[in-house]
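Visitor: show me the folded form of this:
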Amino acid sequence: MGSFFAGIKAGTLSGILYVAGLAAFNVLLLYVLKSNVLTAINQANPVACPMNANVNGSVQDCFDLVISVSVPFVSFVSIFVVLFISGIFGLYFDSLPGRGATVRGLFFGAIVVFCMIFVVPLLFGLGLVYAFDEASSAATALFLLCWTPVFGYLLGRLYKKYTRAIEFSSQNPDLLKVVVDGRDSTGRVKTFATTSSHKLRAEIAEGASFREWDATEGIGLEDDRSFETTMEVNGDGKIVGNVGPKY
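Guide: As a prediction, the model looks like this:
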């Protein structure tokens, strides 16, 4: 597990940049291939272009509606989709495949672009990426191939910036388990949001006695001699639970 809120924090800047880039590309593509777009709109609405339930407009009116309303609306919705996915990225960061924040960010970038192409249109009936003919499909595919890795890279790097990695170990894993926020973390490296606080507990085997916690600089412990305490994460580091036989 990782940090959901650190994921959202990382996804805010990278997500806004990503969605804004997609929206700008679509507007540019629509204008560059305007004649093709007008033909596509006319084929879809051969008699009149519906502006709303009661008003019909021209093909140009429909084109202007796509530019001024459809693209901004779907972009706004997409920001929340990206933020939610970024939060999931942060929450499951420690379990994701690949080494390093950048590789994991790229992996989630692929998930985001899948949602932009398939999930958002399915939920709202509008696509953030417009592909209405072969030329637009090719241009869109090339843009996504180049733009999505940028988002994934930024997501991974920003998540790393906003979090710290802590390694948890036990002097004797058979006698003491390190439990963080209710989860066994013995022998694991976990990421936490900077300045966040977490419950730290030593789960002691029968016949053993807890001694103390050893923590490197950057990790604050409320009471290093208590088997159950609170840690504050300010930097990367390591915590070791010391244990011995009962007297």
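Visitor: just the buried residues of the helix or strand containing residue 24, please?
Guide: Taking DSSP states H and E as the definition, residue 24 sits inside helix 4-32. Along helix 4-32, these residues count as buried under the neighbour rule (16 or more other CB atoms under 10 Å): 4, 6-11, 14-15, 18-19, 22-23, 25-27, 29-30. Heads up, the C-betas are built off the backbone N, CA and C, glycines and all.
Visitor: residue 212 versus residue 224, what's the distance?
Guide: From residue 224 over to residue 212 the distance is 5 Å, taken as CB to CB, to the nearest Å.
Visitor: before we move on, what about residue 76?
Guide: Distance, residue 76 to residue 212, using CB to CB: 52 Å.
Visitor: neighbour count: the two, which is higher?
Guide: Counted by other CB atoms under 10 Å, residue 76 and residue 212 do not tie: residue 212 has more neighbours, with 17 against 11.
Visitor: secondary structure class for the more buried one?
Guide: Here residue 212 is recorded as strand under DSSP: H, G, I helix; E, B strand; the rest coil.
Visitor: ditto for residue 37
Guide: Residue 37 ends up helix, using three-state DSSP.
Visitor: what's the nearest residue to it if we skip its chain neighbours?
Guide: Nearest non-adjacent residue to residue 37, counting by CB to CB, 6 or more residues apart in numbering: residue 30, 5.5 Å away.
Visitor: now the one you found: how far from residue 140?
Guide: Residue 30 is 11 Å from residue 140, by CB to CB.
Visitor: list the beta-bridge partners for residue 213.
Guide: Counting by DSSP bridges, residue 213 is bridged to residue 241.
Visitor: ok, how many other residues are close to it?
Guide: 21.
Visitor: could I get the full set of helices for the chain?
Guide: Here the chain has its helices, by DSSP state H, at 4-32, 34-44, 59-65, 71-91, 100-114, 120-124, 134-162.
Visitor: just checking, what packs against the fifth one?
Guide: So that's helix 100-114. Judged by 3 or more CB pairs under 8 Å, 6 or more residues apart in numbering; DSSP states H and E, the packing partners of helix 100-114 are helix 71-91, helix 134-162.
Visitor: tell me what the helix holding residue 24 is packed against?
Guide: On a contact count with 3+ CB pairs under 8 Å, 6+ apart, helix 4-32 meets helix 71-91, helix 134-162, strand 188-193.
Visitor: run the last query once more with 6 Å
Guide: helix 71-91, helix 134-162 (3 or more CB pairs under 6 Å, 6 or more residues apart in numbering; DSSP states H and E).
Visitor: residue ranges in the protein under the pLDDT threshold?
Guide: Counting by pLDDT under 70, the chain has low-confidence residues at 44-56, 120, 123-132, 247.
Visitor: outline the domain layout of it.
Guide: For the chain, automatic domain parsing gives the domain ranges 4-162, 171-245.
Visitor: center of this protein - which residue?
Guide: What sits nearest the mean C-alpha location of the chain, by CA atoms, centre = their mean, is residue 86, with 1.5 Å.
Visitor: my read is that it contacts residue 12, right?
Guide: No: with contacts counted by CB atoms under 6 Å, residue 86 stays clear of residue 12, the gap being 7.7 Å.
Visitor: enumerate every residue touching the closest residue to the residue nearest to the centre of the chain other than its chain neighbours.
Guide: In this structure, residue 86 finds its nearest non-sequential neighbour in residue 11, 2.3 Å apart by CB to CB, 6+ apart. Contact analysis of residue 11 by CB atoms under 6 Å, 6 or more residues apart in numbering lists 82-83, 86.
Visitor: mind redoing it with 10 Å?
Guide: By CB atoms under 10 Å, 6 or more residues apart in numbering, residue 11 lies in contact with 18, 79, 82-90, 105, 108, 112, 151, 154-155, 158-159.
Visitor: kindly report the same for residue 6.
Guide: For residue 6, the contact set (CB under 10 Å, 6+ apart) comprises 86-87, 89-91, 93, 158-164, 191-194, 196.
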